[in-house]
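Student: Kindly return the folded structure for what I paste below:
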Amino acid sequence: MPAVSKGDGMRGLAVFISDIRNCKSKEAEIKRINKELANIRSKFKGDKALDGYSKKKYVCKLLFIFLLGHDIDFGHMEAVNLLSSNKYTEKQIGYLFISVLVNSNSELIRLINNAIKNDLASRNPTFMCLALHCIANVGSREMGEAFAADIPRILVAGDSMDSVKQSAALCLLRLYKASPDLVPMGEWTARVVHLLNDQHMGVVTAAVSLITCLCKKNPDDFKTCISLAVSRLSRIVSSASTDLQDYTYYFVPAPWLSVKLLRLLQCYPPPEDAAVKGRLVECLETVLNKAQEPPKSKKVQHSNAKNAILFETISLIIHYDSEPNLLVRACNQLGQFLQHRETNLRYLALESMCTLASSEFSHEAVKTHIDTVINALKTERDVSVRQRAADLLYAMCDRSNAKQIVSEMLRYLETADYAIREEIVLKVAILAEKYAVDYSWYVDTILNLIRIAGDYVSEEVWYRVLQIVTNRDDVQGYAAKTVFEALQAPACHENMVKVGGYILGEFGNLIAGDPRSSPPVQFSLLHSKFHLCSVATRALLLSTYIKFINLFPETKATIQGVLRAGSQLRNADVELQQRAVEYLTLSSVASTDVLATVLEEMPPFPERESSILAKLKRKKGPGAASALDDGRRDPSSNDINGGVEPTPSTVSTPSPSADLLGLRAAPPPAAPPASAGAGNLLVDVFDGPAAQPSLGPTPEEAFLSPGPEDIGPPIPEADELLNKFVCKNNGVLFENQLLQIGVKSEFRQNLGRMYLFYGNKTSVQFQNFSPTVVHPGDLQTHILSLAVQTKRVAAQVDGGAQVQQVLNIECLRDFLTPPLLSVRFRYGGAPQALTLKLPVTINKFFQPTEMAAQDFFQRWKQLSLPQQEAQKIFKANHPMDAEVTKAKLLGFGSALLDNVDPNPENFVGAGIIQTKALQVGCLLRLEPNAQAQMYRLTLRTSKESVSRHLCELLAQQF
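Tutor: This next block holds a predicted model:
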């Protein structure tokens, strides 16, 4: 920037500012301003032409007056005239006035555009920068149309100065954000990526901001930036603070550029090039290592810059979700911040750990901090930090710690801030359903929830407990007894009365044998609450009374007296009046048999998606939907949370061999009640009638099996994406610039259920959206190996929205090829199509089997035929970590047998592949050789093709 000469001090401006500051009152200030405005106006209208200095001085005064809050309605043309000056200070003031005072719809825009065009063509770097700054500050569509094609040319021109490139990049970014359609994509896009290699760090910083914005809509055009960004990040991370002196902030080299590069990398999936990926992993490890080093300065600026890079690094690690070691290290690093004295760091640590908790690789590491998080929930003074602590407890909850977490959240609920109580209630209700080890604990928890925070217990919550109690014979008596005791409290919330009225009306007979809860006692207890309740609750209680007449004939006279009372028959509320009249007539006229038929026990409710979970998603906003949906498969989930809700055709709980997913035509056989059911509690029945699953195509459901000509070949990376899911059930299956496909699945015996989440990452609606599933193995052999039943999704997916598709899967016989998922839609008028391999492999139907060493070796010898064994010796592709290996083998589906192999370093497993046609026993032995970095894997099964296929699948994981 040119130096300002001594004569440019504008003494008159300094005197005017001094006069304004010395004014004793507002009136004196206005008087002085009006006097100055009159003077400036007379100078501008005078016959004598003003020189550039005078124009600049008066325009500066007008600008100052405007900044004081006064309107300026003249002087604009004089400011435009300053743009044609060859003096930097005059041109600068002209551009400054225009940037601040000229409206984007002003009539002067064309004159300003001509002046800008002249400055851009002047090749004077100072004038070019002023013009670019003005375009960015005004940012009108007319300016965008005039210069959108010129700015990219200036940006990538070889003779442009560094300062001009920097300004051009930021100006183009401003225009793109204001009007994306005005910025043309062309050959310059490939050249702008190479600015990441520029010697000038300011140019690199500006270019990264521009590319990050552009690649969100056009990722393929900027895909080459990944390797360049990794290379630049590597140089910054590995450099000492003295290497980048001009860009070192409190001993941290280029912190803002590092953060921008890390954010840019989050726009893409992990690098496909092994060398680039290895270099990036090395960078991320270096950042984590530096975080452990003692600080080089005690000043807060140093720690802020260092932590900014660290948190962005952790965000990238979470985004990739593919490096178990990095995920665990990131979790441990965040754990150190949970007790940091800085509130903001504790908040950010809790927020990041919420995301880490949903990853299978880091979930166990997150759980180790449960005591610290519970303590934060109890002691934090900042409500936002307490809310994040509650979110983290919800995210880290699984079967092993559910009781502890639900207990702590209930305890916190008693003193929680009113703003977050409803959210806490919803989370407790969901966790109690999802991880209930038995229904009595679930009932106790929900009733306790109503007692503690009844005002915040929504209808969805108490509807759920009624549905579950109605559907479970084994908990009805306990629920009736528990709710009866709860109603005896002097202060009883109305929601408790609703639950008590319904449960006692249906199942009060189960506790009527106890004199303490005899029918008259039950009635008088409920009726004592009647006059304190709202109309809706009174209506429910009247229904309970008529049910009592059917269950307990001895209460008929008492209840008829209540119904006959004038307060009921002549009630001002028409609903209560009608119920009283009809119930009284029914009890008087109908015979015992008719009464028993009309008032018989409610049938089990049909399956429905949980409205509690939906309500929590609405409270958390659209961005949290995927996080709330993302569940982890619990190996021990073989009880009440593992399957689906029983349909009306079932009695109590279906047996393990029953058709949990509704894939078979015949209804499942009835089974005696069991403490470990097969129903998924996260369903709802109060939002409308449920349709029973059917194999035949209907308008809403279809068994999707198009011919081979209707589906394209899988994408090149389909096998790699499939391999990621061999040992896990949840995660992101595919992601590009337009679409993200997430998977959540669960399998039991030969049945499976898979949820596919299709997320529109753009702001444009997908049209004709059609995902199709086909199993090519069935088409080739004409023998059905997998029965896949799916539900159609909406044909339109709004920008930023996510739709869910449910697949019910039944393994009929062993198979080698996975099903294919073909997704077709139109984006911006252009057809899009991709085909993926659905993560359904034969090992998903593994049933772990425990056996003693003697039984294992006996079975091993029995499977000694050459065709029954498959063996592979291969080199390790990943670090040989015993814990990671154990986790992968468990994820593969087999049971790990301890103290079986004489060599403690070896791993031995056993299981049974469950299909409808047959069961295939499987034994495996994995022998790692750490010194040679090699593995030997041996599989023995009763079927040759299964042995070979399982061996291939498992070997690829190591």
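
Student: Hmm, Asn768 and Ala795 touching each other?
Tutor: Yes: contact criterion Cβ atoms under 8 Å: Ala795 and Asn768 qualify, at 5.8 Å. To be clear about C-beta, it is placed using only N, CA and C from the backbone, and glycine gets the same treatment.

Student: What count of nearby residues applies to Thr849?
Tutor: 18 (other Cβ atoms under 10 Å).

Student: Can you give me the pLDDT of it?
Tutor: In the predicted model, Thr849 carries a pLDDT score of 87.

Student: which phi and psi does Ala787 have?
Tutor: phi -100, psi 120 (degrees, to the nearest 10).

Student: from memory it sits against Glu810, does it?
Tutor: Yes: using Cβ under 8 Å, Ala787 is in contact with Glu810, at 4.2 Å.

Student: what comes into contact with stretch 368-382?
Tutor: Residues from elsewhere that reach stretch 368-382, judged by Cβ atoms under 8 Å, 6 or more residues apart in numbering: 331, 335, 338-339, 343, 346-347, 350, 353, 385-386, 389-390, 392-393, 396, 401, 404-405, 408-409, 412.

Student: repeat that for 7 Å
Tutor: Among residues not part of stretch 368-382, those counted as contacts by Cβ atoms under 7 Å, 6 or more residues apart in numbering are 335, 338-339, 343, 346, 385-386, 389-390, 392-393, 396, 401, 408, 412.

Student: average pLDDT across that stretch?
Tutor: The average pLDDT for stretch 368-382 rounds to 89.

Student: buried sites along it?
Tutor: Neighbour-count burial for stretch 368-382 flags 369-370, 372-374, 376-377, 380 (criterion: 16 or more other Cβ atoms under 10 Å).

Student: Which two of these have the greatest separation?
Tutor: Ile370 and Glu380 (15.5 Å; Cβ to Cβ).

Student: Strands of the stretch 651-800 of the chain, residue ranges please.
Tutor: Secondary structure of the stretch 651-800 of the chain (DSSP state E, counting those that start in this stretch): strands at 701-702, 731-735, 739-748, 751-760, 766-774, 786-791.

Student: Would you convert these into TSV that also reports distance to Gly921?
Tutor: Output for the strands of the stretch 651-800 of the chain, formatted as TSV (distance: least, Cβ to Cβ, whole Å):
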stretch	distance to Gly921
strand 701-702	36
strand 731-735	30
strand 739-748	18
strand 751-760	19
strand 766-774	30
strand 786-791	21
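
Student: quick one: low-confidence parts of the stretch 251-400 of the chain?
Tutor: Applying pLDDT under 70 to the stretch 251-400 of the chain flags no residue at all.

Student: do the chain as well
Tutor: For the chain, the stretches with pLDDT under 70 are 1-9, 47, 104, 241-243, 607-710, 777-783.

Student: repeat that for 50
Tutor: Scanning the chain for pLDDT under 50 picks out the ranges 1-7, 623-627, 629-709.

Student: Where do the domain boundaries of it fall?
Tutor: Domain ranges of the chain: 7-76, 102-222, 436-598, 708-840, 843-956, per the TED database.

Student: Relative to Leu228, which of the ones you listed is closest?
Tutor: Closest to Leu228 of the domains of the chain is domain 102-222 (Cβ to Cβ; 4.1 Å).

Student: In the stretch 751-900 of the chain, mark out all the helices, start to finish.
Tutor: For the stretch 751-900 of the chain, applying DSSP state H, counting those that start in this stretch gives helices covering 776-781, 853-862, 882-892.

Student: residues contacting the closest residue to Leu63 other than its chain neighbours?
Tutor: Using Cβ to Cβ, 6 or more residues apart in numbering and skipping residues adjacent in sequence, the residue nearest Leu63 is Phe97, 5.4 Å away. Phe97 makes contact with 59, 63, 79, according to Cβ under 7 Å, 6+ apart.
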